[in-house]
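Visitor: Provided below are the primary sequence and the corresponding predicted coordinates.
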Amino acid sequence: MVSSGARPHVLHLHSSFDAGGKERRSVALMNRFGAGIDHSVVSAQPGALGARALLAPDIRVHFPFGFPPLAGKLRMGRLKTLARGMQGFDLICTYNWGAMDAVMAHAIFAPLMGLAPLVHHEDGFNADEADGLLARRNWFRRIALARASAVIVPSQRLETIAREVWHQPEGRVHRIVNGIDTAAYARKAKADALPRVIKRPGEKWLGTLAGLRPVKDLPRLVRAFRGMPENWHLVILGEGPEREAIVQEAIALEVGHRVHLPGHVPDPAAAVGLFDLFALSSRSEQFPLSVVEAMAAGLAVVSPAVGDVAAMVAPENAPFITPSADDAALAHALETLAEDEAARRRIGEANRVLARRDYDEGVMAQRYGAVYARAMGRERFP
């Protein structure tokens, strides 16, 4: 489907459209921008469309059948086919390394084929770059982003990488922190809000929201959780290929009866309020949306010092952001807060105030809209 000219039509090329952080943010922006825009969404993983369920009913979103694959051998003929698939839109939005071949196709063929302006969104790295960027990918990004109108990143680290490693000019790079509907997370959660698990009287829940992928290192969180008191349960919300590894780690450590994986939750705001403490165990993050959600729900956060996490949380929470590779420190932080309800409440309230002030979805949408409008040569977006 191409633009009719009356309504802007935006093409979104995602590495995945499962309900992870970047996908939930993308959907939140579509919902905020309203019914006056057409969207077409392509996932590099064709079956990964879990975020589709979060779209508001009045938002016009198409999932085009037969769009050229975003991944494959790097050949000029394939790039040309990708470029043809991008014709006829008013704005092209690409997301992460999984869409970078399309960015390269745009760089090569945009003038010849009259392609719309492209805005690239970079949210972080998979396990293969968690411990260091790959030189060949840095080279590829430098060339591919040559014709991008803007590069949007959520974290200070990614902003530095985009400018100094990928050699993007300062005016092209925009750091926009992730935001959420903070008011939605202030509502009290129901004990039966999750499938297959109910919070029982006297239980305390350590919770996390994450795709079950190697970079999230959730077996590490199971190990850190092992020493928490018996009335504490670990609840991991998300789906992915690491489910069995997490289960096996819990069984091996004899805490399987206290570790729960209810699966994907379409509305995190309805569930995060059940947690008493929030934790990450990731090897790599940038500006994780799940931390913002936990803060808006009034939770203290325990996490390795990855990405911008240490700068995101309230000062009262800072002592519980641990060195990135120190498993013992992560476990100690969890055990300390598990035993101190007053500290959890005090830190959680400080996080809630900060989230409402700095991380609300409305402010984020305004900033994204300004970048998109500038790329399209419009006064406003939509």
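Guide: Here it is on my side, so go on.
Visitor: from here on, contacts and neighbour counts on C-alpha atoms
Guide: Noted.
Visitor: Okay, buried residues for stretch 160-177 please.
Guide: By neighbour count, and taking 16 or more other CA atoms under 10 Å as the criterion, the buried residues in stretch 160-177 are 160-163, 165-168, 172-177.
Visitor: Give me the subset of the residues you listed lying in helices.
Guide: Under the assignment DSSP state H, those contribute Thr160, Ile161, Ala162, Arg163 to helices.
Visitor: now the residues you listed as CSV including pLDDT and distance to Asp327?
Guide: Converted to CSV, these look like this (pLDDT from 0 to 100; distance: CA to CA, whole Å):
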residue, pLDDT, distance to Asp327
Thr160, 94, 28
Ile161, 94, 27
Ala162, 96, 30
Arg163, 96, 32
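Visitor: Can you tell me which of those residues is nearest His9?
Guide: Taking CA to CA as the measure, His9 sits nearest to Ala162 out of those, at 27.2 Å.
Visitor: I'd say that closest one and Gln168 touch.
Guide: Yes - contact criterion CA atoms under 8 Å: Ala162 and Gln168 qualify, at 5.8 Å.
Visitor: ok, the most centrally placed residue in the chain - contacts?
Guide: Among the residues of the chain, the one closest to the centroid is Gly21, at 2.1 Å (CA atoms, centre = their mean). Gly21 makes contacts with Pro288, Leu289, Ser290, as judged by CA atoms under 8 Å, 6 or more residues apart in numbering.
Visitor: switch the cut-off to 6 Å
Guide: For Gly21, the contact set (CA atoms under 6 Å, 6 or more residues apart in numbering) comprises Leu289.
Visitor: do the same with Asp18
Guide: Ala48, Leu49, Gly50, Ala51.
Visitor: Let's have the residues you listed in a markdown table, adding pLDDT and neighbour count.
Guide: Output for the contacts of Asp18, formatted as a markdown table (pLDDT from 0 to 100; neighbours: other CA atoms under 10 Å):
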| residue | pLDDT | neighbour count |
| --- | --- | --- |
| Ala48 | 90 | 16 |
| Leu49 | 93 | 17 |
| Gly50 | 90 | 17 |
| Ala51 | 93 | 20 |
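Visitor: His39: neighbouring residues, count only.
Guide: Burial of His39 is recorded as 21 neighbouring residues (other CA atoms under 10 Å).
Visitor: same deal with Arg378?
Guide: 11.
Visitor: per-residue confidence for Pro266?
Guide: At Pro266, the model reports a pLDDT of 82.
Visitor: what about the strands in the stretch 1-150 of the chain?
Guide: 9-14, 38-43, 60-62, 91-95, 118-121, 150-153 (DSSP state E, counting those that start in this stretch).
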